[in-house]
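Engineer: My questions are about this predicted structure, shown below with the sequence.
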Amino acid sequence: MRLALEKRDKKSNSIAFMVPLISFIVSLLLGAIVLVASKANPFEAYAAMARGAFGNARRLQYTIVEAIPLLLCGLSVGIAFRLRFWNIGAEGQYVWGAIGITWVMQFWTFVPDAMLLPVGLVVGMILGALWAGIPGVLKAQWSVDETLTTLMLNYVAIGFAEYLYIKAWKAPLGNLGTPVFPDSAAFSTVWGKIHGGLFIALVLVVILWFVQYKTRWGFELNMIGKNPTAAKYQGVSIRRNIILALLVSGAIAGLAGSINTAAIAHRLTKGVNSGYGFTGIIIAWMAHLNPFASIVVAIVMASLTTGAAALQIAMKLPESMGEVLQGLVLIPLLAGSIFNEYRLIVIRKEAAK
Amino acid sequence: MKKLSVLLVLLLVITVSAFAQGQTEMSEETDAPFKVGVIYVSSPGDFGYSYMHDMGTKAAEEYFGDKIEVIRMENVPENDSAARALEQLVDEGCKIIFANSYNYQDYVLQVAKENPDVYFEHCSGYLSNENMSNYFGRMYQMRYLSGMIAGKMSPTGKLGYVGAFAIPEVIRGINAFTLGARAVNPDATVTVVWTNTWFDPSLERQGAMALLDQGVDVVAQHQDTTEPAKAAIAEGKYAIGYNADFRAITESDNVLVSPMWDWGNYMIPEIQAAMDGTWETQSYWGGLEDDMISLSPVSPLVPADFVAQVEAAKDMIAAGEMDVFWGEIKDNEGNVRQAAGEKMSDADMLSMGWFVEGVIGSTN
Amino acid sequence: MEREKTDVAVVNMQHITKHFPGVLASDDVSLELYPGQVLALLGENGAGKSTLMNMLVGLYRPDSGSIYIRGELQDIQSPQDSMALGIGMVHQEFMLVGNMSVLENIVLGLKDLPFVPKIDQIRKRIIELSSQYGLKVDPDAIVHDLSVGEQQRVEILKLVYRGADILILDEPTAVLTPGESRDLNKIIKKMLSEGKSAIFITHKMDEVIAFSDKVQVLRRGKTVNICDTASVTPKDLANMMVGRDVLFTLDRCAFNPGEPRLALDHVTVDNPNGSRPFLDDVSLEIRRGEILGVAGVAGNGQTQLTEVITGLLKVPEGRVLIDGKDMTNASPLSVIRAGVSHIPADRGAMGVVGDMSVGDNLAMKKYRTQEISHGPVVKRSLLRTFADRLINRFVIKTPNQDTSVKFLSGGNIQKTILAREIDSCGGILIAVYPSRGLDVGATEAVRQNLIAQRDSGNAVLLVSEELEELQMVADRIAVMFEGKIMGIKDVKETNTEELGLMMAGFGGKA
């Protein structure tokens, strides 16, 4: 007897639902092994994490607040991934969004206070889009590998932001930060800690879903992503679409950066590169590029972050244990996606007839 | 389908047990210890900045014994996570919370405003509130003294300094170190490299290596790990530690001296005041008269008579007879920044963005 | 059924059944091969020929049934197992490393190779084997410099070197010129005389007649007939294969061409990686109501010719005219809008998006139009109606329009492309190897559709490797050799010999 993988005839919806669920349970079991090895009761540890992420209204709010930039970055990366363009530069585009809104808040004194926030968000989007456009043009025009360019541009963006908040745009008082944005330009809150950025993110989910599944452009993106040669033969311009998709992708990541800066940090400061852009890659992948699924995945990922802190307090576990558990959750979820395409079959050795 | 139901039941059990755990914690004893929260930007295992804070925390634990319970959170990022961590500590019942990194400032203030019955102590910032103090020490005084020792011990007079960020706190330290060195050897120079990180063992080491390549024979640092010092020791050169006694950690006498923090001397009275209800908000910048900063024991390689000279300078500073930034002070472009015979104001020191004469490097 | 009882069969597959999701690929098939014999395995695409052979070489495992090699029951789990039993297969796609030498390719993957191989001995052995079987190849030549025929010889040599005496050849002549096919036949005959045996997978009748001793016809996973090749005619075989009578001639209207729709005017395209240009001063025109055939061995500029027309390849010299309008270096989209449809050479790679549904693939030209979209929004209901209409009109066999195209058979994939291109055609149809790899039934459908286009007044350019097809379908035939047009002949005024010579670079310019 042996086990083998066999390609599924077609994808089934129940599998698409069951696979992540089972993967999640497997990861809980894996985590339990690690926890037991560190002499912690896994039930208590998971309970502590769940409480840390959802235990009361305030914590739920924090988890949702954390999920907003993650969701946006997931959407951003997802639109580029549709074209098989591996944009791992959402982090840098996010940082440019933060720079953009800071620029407006700090220097665009001609903008009336009430307009500072919307103008700042738009400028953040534009800078994020332009930053993503660079690797887009390089790829479209000269086939420069995007994995490297997008990755390296992250560090350029982060370095530039550091220069701004350490030196050029530094607040007169204090270190490592620009002046705080005016209060009048703050996001309105929706519920407790949850800010208006949530609406922007949810509206974008609907828009992107519509664009990807219902429009001619979405149809073209799908063609290019699944077979660029065939798309070219159908008269679809690959170059134009790569650049266009990258501009959209960068704009969304930039929006994530400007929203989070306006709503959370209220200034450009250390901590602007929080890794949302990188986590966005995981979100897009796990959500199979589906914007609605991205909501759920973003909340799961956010809860891993917000819940992990509780491990330190309740379980007296080192902070790194939280990161270990976060990593362990990902492995089965990512590996599990293979079962969407394949099923496990058992081959029994048969006697010759 | 049967398998599915088993899995669902399993999931249910986990969830239920999760919230059941939550319930048991609700009942609190009346005679509970006074809860103290601490958040660290790195891990106390770094033998650097957070390590020294944790030494202070441990001193407080020892001092108060059963009367307090400390809840620590380490490696807390300087973003929204800090606000969450602070709130979590509030939820756990902490009455006074210490946050040890500058960039926690906005989040400490935000959570402080929302929780008026909890006291917050933010290290190294400038913002405060009715229930939020900021505190720091005049480390530049110790930097000056360590600079004297470095200037004395360097055969070439070429000193190096691995700095984290070009911010006033670090610049002030470099300037003080340089002034100390030049007080002993007027030709001494201090070459600066920036790492743009507080904590990155590899970058810190590379910074030190770059200095050593340029012929520097004493490496000082404003970083959180012992890596720059270790790099100097490995090359047979001298090092000046920071935060903790690097000579003890590296077991090398090449570490001439280490300016150190003793946060316990601040934390213990603050916790006591919070317990007694006498806590008051303040912006505290303690000098060596308060024992919050100190010098480690000096390496036996340093001549004893010179150590006595350093001790004498220290006593003069403590007595207020002398200070580090006492005019006339020129910057490294020749401009007079502080007129002769005057002591620099705290405001000028806190916004220092230029190097004194003798520093090779740029504040950009 | 008569069987040789004296010898033990070298291959004896008994009651093999293999199930794939939704398909019974092999349904109780038995196969026997005797020493010194060539067995042709004939059948349409999807008849189960390749599946059966893949089980013999260990790529798949049968659900039930047994395989005896030289009389002994074997459990073949992997290609290594089958190689150890002396079974070797030459796949349609060669498994060679292009930038390595012939010798290196042969050494690659050899078992029991010492850490430092004795290259001289290996070279000697290769030279011995190649002269023994007439497999003329230079062991030190780099593979990508070799012609397709030579590469095939390397594949065979590789197997012989490893001691294979049961050879399986999957559609071996599909990529060869008539001359190369004859050479291959000689090689095979030589090997048989040395006691080896061979199985041919094919769907070409002439190949069966030329190569094999025995023929086994498969249809939908079942054996329909096993007979001696000498006792059957191509027509019999075709009927057995398809299960009905097959037309060998096609009805068409009288040849009455109209004004030119598409013209190339002295087009030259250089090959950046080669000495001779892709296209060398090519001029031709295609008129309304005619099919211009392009003959030639693959790789002589046919692909570039069509890419120049469809805007996929830049033209540095010369002009492309559509309806008299200069369309040189126009974008692919504007060429499409000018009325050009394109059935590309490689169905899977260029013609369809395998992971998208049949419906979406059918809509890949018209999604831009009012017929399917309102402004920027694709109307699903319109798309569904549109797709169902094409599926019915072109008799595309698919469970429904939501099935991914990759699950369809080659013939139905090609019908999907034909349907899309013909439906959206603005009068000029470029078809490149449209019947390549298709079975008889599907080929017939493709050809009928092309002729229908011509009859309705469209201009058709048909690139094909099969002279027979061109002679059956085209009105005029242009022969390409090394990027040049060797000549354009009226079908009625030429013959196979003349065209064959032109394909080899002789004669022409009439």
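Structural biologist: Ah, there it is. Not measured: the values here are computed from a predicted model.

Engineer: tell me which parts of the stretch 101-250 of chain A are close to chain C?
Structural biologist: Proximity of the stretch 101-250 of chain A to chain C (Cβ under 8 Å from any Cβ of the partner chain) is limited to residues A:214-219, A:222-223, A:226-227, A:229-237. From N, CA and C alone the C-beta is placed, and that goes for glycine too.

Engineer: Tell me who's in contact with C:I119.
Structural biologist: C:I119 sits next to C:103, C:107 when contact means Cβ atoms under 8 Å, 6 or more residues apart in numbering or on different chains.

Engineer: rerun at 10 Å
Structural biologist: C:103-104, C:107, C:139 (Cβ atoms under 10 Å, 6 or more residues apart in numbering or on different chains).

Engineer: Looking at the residues you listed, which is nearest chain B?
Structural biologist: Using Cβ to the nearest Cβ, C:E104 comes nearest to chain B of the contacts of C:I119, at 42.5 Å.

Engineer: Double-check the closest one against C:K158; I have them as touching.
Structural biologist: No - under the contact definition of Cβ atoms under 10 Å, C:E104 does not touch C:K158, with a separation of 11.1 Å.

Engineer: of those two, who's got more company?
Structural biologist: Neighbour comparison, C:E104 and C:K158: the larger count goes to C:K158, with 23 against 17 (by other Cβ atoms under 10 Å in any protein chain shown).

Engineer: how much space between the residue lying closest to the more buried one once chain neighbours are set aside and B:Y104?
Structural biologist: Nearest residue to C:K158, sequence neighbours excluded (Cβ to Cβ, 6 or more residues apart in numbering or on different chains): C:I106, at 5.1 Å. C:I106 sits 68 Å away from B:Y104, going by Cβ to Cβ, to the nearest Å.

Engineer: Filter the residues of the stretch 101-250 of chain A next to chain C down to the buried ones.
Structural biologist: Burial of those was assessed by neighbour count (16 or more other Cβ atoms under 10 Å in any protein chain shown); the buried members are A:215-219, A:222-223, A:226-227, A:229-237.

Engineer: Between C:E104 and C:K158, which contacts overlap?
Structural biologist: The overlap between the contact sets of C:E104 and C:K158 (Cβ under 10 Å, 6+ apart) consists of C:L96.

Engineer: count of neighbours near B:D346?
Structural biologist: Burial of B:D346, expressed as a neighbour count using other Cβ under 10 Å, amounts to 11.

Engineer: give me every residue that touches it.
Structural biologist: Contact partners of B:D346, counting by Cβ under 10 Å, 6+ apart, are B:138, B:283, B:285.

Engineer: Can you tell me the closest non-neighbouring residue to the residue nearest the centre of chain A?
Structural biologist: Geometric centre of chain A, nearest residue: A:G280, 1.9 Å, by Cα atoms, centre = their mean. Leaving aside its sequence neighbours, A:G280 sits nearest to A:C73 (Cβ to Cβ, 6+ apart; 2.8 Å).

Engineer: residue boundaries of the strands in chain A?
Structural biologist: Defined through DSSP state E, the strands belonging to chain A, from first to last, are A:2-7, A:189-191, A:194-195, A:342-347.

Engineer: ok, the second one: who's next to it in the sheet?
Structural biologist: To tie it back to what came earlier, the one meant is strand A:189-191. Paired strands of strand A:189-191, with direction, are strand A:194-195 (antiparallel) (DSSP bridges).

Engineer: ok, and the most crowded of the contacts of B:D346?
Structural biologist: Counting neighbours by other Cβ under 10 Å, the one among those with the most is B:R138, which has 23 neighbours.

Engineer: Okay, that one and chain C: tell me how far apart.
Structural biologist: The span separating B:R138 from chain C equals 66 Å under the rule Cβ to the nearest Cβ, to the nearest Å.

Engineer: That residue: what's it in contact with?
Structural biologist: By Cβ under 10 Å, 6+ apart, the neighbours of B:R138 are B:144, B:172, B:176, B:285-290, B:292-293, B:317, B:323-324, B:346, B:349.

Engineer: just A:I283 next, same as before
Structural biologist: With contacts defined as Cβ under 10 Å, 6+ apart, A:I283 is in contact with A:67, A:70-78, A:276, A:289, A:293-298, A:300-302.

Engineer: Hmm, C:K189 and C:G134 touching each other?
Structural biologist: Yes - in this structure C:G134 lies within contact range of C:K189 using Cβ under 10 Å: 9.4 Å.

Engineer: So which of the contacts of B:R138 is the closest to chain A?
Structural biologist: The shortest approach to chain A among the contacts of B:R138 belongs to B:R172, at 11.1 Å (Cβ to the nearest Cβ).

Engineer: what sits against the closest one?
Structural biologist: B:138-140, B:143, B:222, B:324-325, B:344, B:348-353.

Engineer: any idea where the helices of chain A begin and end?
Structural biologist: A:13-37, A:42-54, A:57-81, A:90-107, A:113-142, A:146-163, A:197-214, A:216-226, A:228-233, A:238-260, A:276-286, A:291-315, A:319-336, A:338-341 (DSSP state H).

Engineer: quick check: mean pLDDT across the longest one?
Structural biologist: For helix A:113-142, mean pLDDT is 94.

Engineer: next one: the second one
Structural biologist: With pLDDT averaged residue by residue, helix A:42-54 scores 89.

Engineer: Ok, the last one next?
Structural biologist: Computed over helix A:338-341, the mean pLDDT rounds to 68.

Engineer: residues making contact with the one helix or strand in chain C whose mean pLDDT sits lowest?
Structural biologist: One helix or strand of chain C scores below all others by mean pLDDT, DSSP states H and E: helix C:234-242, with a mean of 77. The contact list for helix C:234-242 (Cβ under 10 Å, 6+ apart) reads C:40, C:42-44, C:47, C:203-206, C:208-209, C:215, C:217-219, C:224-225, C:227, C:229, C:232-233, C:244-248, C:439-442, C:444.

Engineer: Just the CA coordinates for stretch B:190-199, please, in CSV.
Structural biologist: Provided in CSV are the C-alpha atoms of stretch B:190-199 (Å, rounded to 0.1, in the frame of the first residue of the first chain):
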residue,chain,number,x,y,z
VAL,B,190,36.3,60.9,17.1
THR,B,191,35.1,59.3,13.9
VAL,B,192,31.4,58.5,13.7
VAL,B,193,29.5,55.8,11.8
TRP,B,194,25.7,55.5,11.8
THR,B,195,23.8,52.2,11.8
ASN,B,196,20.3,53.6,11.7
THR,B,197,19.2,51.0,14.2
TRP,B,198,19.2,50.5,17.9
PHE,B,199,19.5,46.9,17.8
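
Engineer: who touches the closest residue to C:P376 other than its chain neighbours in this structure?
Structural biologist: For C:P376, the nearest residue in space outside its immediate sequence neighbours is A:T215; the separation is 5.0 Å by Cβ to Cβ, 6+ apart. If a contact means Cβ under 10 Å, 6+ apart, then A:T215 has A:221, C:367, C:373, C:375-378 as its contacts.

Engineer: Cool, thanks, signing off.
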